[in-house]
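Student: Sequence first, predicted model second:
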Amino acid sequence: MGALKKIILGLLVIALPLGEVARLTFNEVAITILDIGVAITVLFWVVVRRKIPRSYLAKPITLFIAALLISLLVNAIRLNVNELFVSSLYLLRWVFYTLLYFVVLDLSLIRKKIERAIFIGGGIILLVGYILYFLYPDLRNLRYGGWDEHLYRLFSTFLDPNFAGSFLVLYFLFLIDKLSTRKNNLLRFISIATLIAIVLTFSRSAYVMLFTGIVILLYLKGMKFLAIGFIALFLVLIIITTQLSFRSEGTNLLRTASGEARLDSIKNAITIFKDHPIFGVGFNSYRYSQRDYGFLNEKKMIVHSGAGTDNSFLFILATSGVVGFGAFLFLLFKILSIKDSLIVASTIALFVNSLFINALFYPEVMLWMWVLLGLRENT
């Protein structure tokens, strides 16, 4: 138990803040240090504990994994050996991250230490975000590696302001939840710093996610007037940021290029789903389906976004069909049935955000949500 405790705390404090910076690419497979850390944690837990604790979400998780596996097996015939192998790795990664939920459930005796670890890990991501924003605000020289050309936007170790914004919103909700029960000047300072960092991502999807999450969280906690005050503050910050919009196209909140790209991505996903409505094209062989449909050329195959679409729900439909989507809705219903204001607010905010980016399957977001679910089911 002692070794397992050290491993998971190290995962949250060291591997999580590394984000996408510590990324290894082998042909079409990209693995981060976080992926490796999650796998080591889960495998060590399986060897040491040799049992899965009773849990509220075990059944819906199992059904969703089964649906994703079936979708891949049904479509195996149209994939070559390498493509099937790469696609199965995406499923294996989702399983490993999901198993963190059971690991945290099993380690209920050190719940406070795990909470402290995710507080520190999130704080490091926030700090690095500010450092990079002021010292290295230009990602255009990383275009060769498949990264988008973000400029003058806070992206932290995720190298993407939209996903950085998604994570920081979840972190902010966590901090506000803590502040509602414990007054602490350090928490106040970090909360304000996190709010400003979210604004500096210039991510409109993160703004919508923040607005949704904080209103729901404060409403469920009976702090309606505070919610109104927060909305006012948030709008003031948005107005201030519009004064910086001249710095680049990405900081212009009225930009249209990214919106048009998202619409094209959505149209592609709908087209693929219409042709494969029952089991989809297989989780996750989406990159190869986009290639076969002519949506991706060989040059765009290396772009990281090629493996998904800018809408998590359409991604599930396109890769696993109505069978997988039905299992996913069941899992969603069970998560929202957990009577915890932070879980409900974070989940709904994340799902709203996932209408614009594929946040549901982003590694750092998956880790955060599964660890949080494991923590809160024990309370």
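Tutor: Structure received.

Student: Show me where the chain has its strands.
Tutor: Counting by DSSP state E, the chain has strands at residues 23-26, 29-32.

Student: With mean pLDDT and mean neighbour count added, can I get those in a markdown table?
Tutor: From N, CA and C alone the C-beta is placed, and that goes for glycine too. Putting the strands of the chain into a markdown table (pLDDT from 0 to 100; neighbours: other C-beta atoms under 10 Å) gives the following:
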| stretch | mean pLDDT | mean neighbour count |
| --- | --- | --- |
| strand 23-26 | 76 | 12 |
| strand 29-32 | 85 | 16 |
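
Student: any chance of those strands in a markdown table, with distance to Gly282 too?
Tutor: Listed next are the strands of the chain as a markdown table, based on distance: least, C-beta to C-beta, whole Å:
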| stretch | distance to Gly282 |
| --- | --- |
| strand 23-26 | 21 |
| strand 29-32 | 16 |
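
Student: Figure out which of the ones you listed is closest to Pro161.
Tutor: Across these, Pro161 has its closest neighbour in strand 23-26 (17.2 Å, C-beta to C-beta).

Student: by contact count, what packs against that closest one?
Tutor: Secondary-structure packing of strand 23-26 (3 or more C-beta pairs under 8 Å, 6 or more residues apart in numbering; DSSP states H and E): strand 29-32.

Student: what about the strand it packs on, distance to the chain center?
Tutor: Here strand 29-32 is found 16 Å from its chain centre; the criterion is C-alpha atoms, centre = their mean, to the nearest Å.

Student: With stretch 177-193 instead?
Tutor: Worked out by C-alpha atoms, centre = their mean, stretch 177-193 lies 23 Å from the chain centre.

Student: what does it rub up against?
Tutor: If you take C-beta atoms under 8 Å, 6 or more residues apart in numbering as the criterion, stretch 177-193 is touched by Phe119, Gly123, Leu126, Tyr130, Phe172, Leu175, Ile176, Leu217, Lys221, Met223, Ser341, Leu342.

Student: Mind listing what's buried along that stretch?
Tutor: Residues of stretch 177-193 classed as buried by neighbour count (16 or more other C-beta atoms under 10 Å): Asp177, Lys178, Ser180, Ile190, Ser191, Ala193.

Student: I'd like the distance from Leu372 to Phe134, if you could.
Tutor: Distance of Leu372 to Phe134, computed by C-beta to C-beta, to the nearest Å: 30 Å.

Student: Equivalent analysis for Phe119, please.
Tutor: Counting by C-beta to C-beta - Phe119 and Phe134 are separated by 24 Å.

Student: The residue nearest the centre of the chain and Ser156, how far apart?
Tutor: The chain has Val365 as the residue nearest its centroid, 2.8 Å off, counting by C-alpha atoms, centre = their mean. Using C-beta to C-beta, Val365 is found at 13 Å from Ser156.

Student: Now for these two: what residues contact both?
Tutor: Shared contacts of Val365 and Ser156, defined by C-beta under 8 Å, 6+ apart, are found at Phe167.

Student: ok, now which ones touch the nearest residue to Ile120 once chain neighbours are set aside?
Tutor: Nearest in space to Ile120, with sequence neighbours left out and distances taken as C-beta to C-beta, 6 or more residues apart in numbering, is Val13 at 5.2 Å. Counting by C-beta under 8 Å, 6+ apart, Val13 touches Ala117, Ile120, Gly121, Ile124.

Student: His276 too?
Tutor: Contacts for His276 (C-beta under 8 Å, 6+ apart) come out as Asn75, Ala318, Gly321.

Student: got these as TSV, with pLDDT, distance to Leu332 and neighbour count columns?
Tutor: Shown next, in TSV, are the contacts of His276 (pLDDT from 0 to 100; distance: C-beta to C-beta, whole Å; neighbours: other C-beta atoms under 10 Å):
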residue	pLDDT	distance to Leu332	neighbour count
Asn75	94	24	24
Ala318	96	18	31
Gly321	97	17	24
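
Student: one step back: now, of the contacts of stretch 177-193, which are buried?
Tutor: Buried among the contacts of stretch 177-193 (16+ other C-beta under 10 Å): Phe119, Gly123, Leu126, Phe172, Leu175, Ile176, Leu217, Lys221, Met223, Ser341, Leu342.

Student: Could you report the separation of the first one from Glu364?
Tutor: From Phe119 across to Glu364, the span is 15 Å (C-beta to C-beta).

Student: same check, this time on the second one
Tutor: From Gly123 across to Glu364, the span is 14 Å (C-beta to C-beta).

Student: hang on, Val281 packs against Ile316?
Tutor: No - under the criterion of C-beta atoms under 8 Å, Val281 lies out of contact with Ile316, with a separation of 11.6 Å.

Student: quick one, which of the two is more surrounded?
Tutor: Neighbour count, other C-beta atoms under 10 Å: between Val281 and Ile316, Ile316 has more, with 30 against 27.

Student: Can you list the low-confidence ranges for the chain?
Tutor: Low-confidence segments of the chain (pLDDT under 70): 1, 27, 50, 138-151, 242-252, 254-258, 297-307, 378-379.
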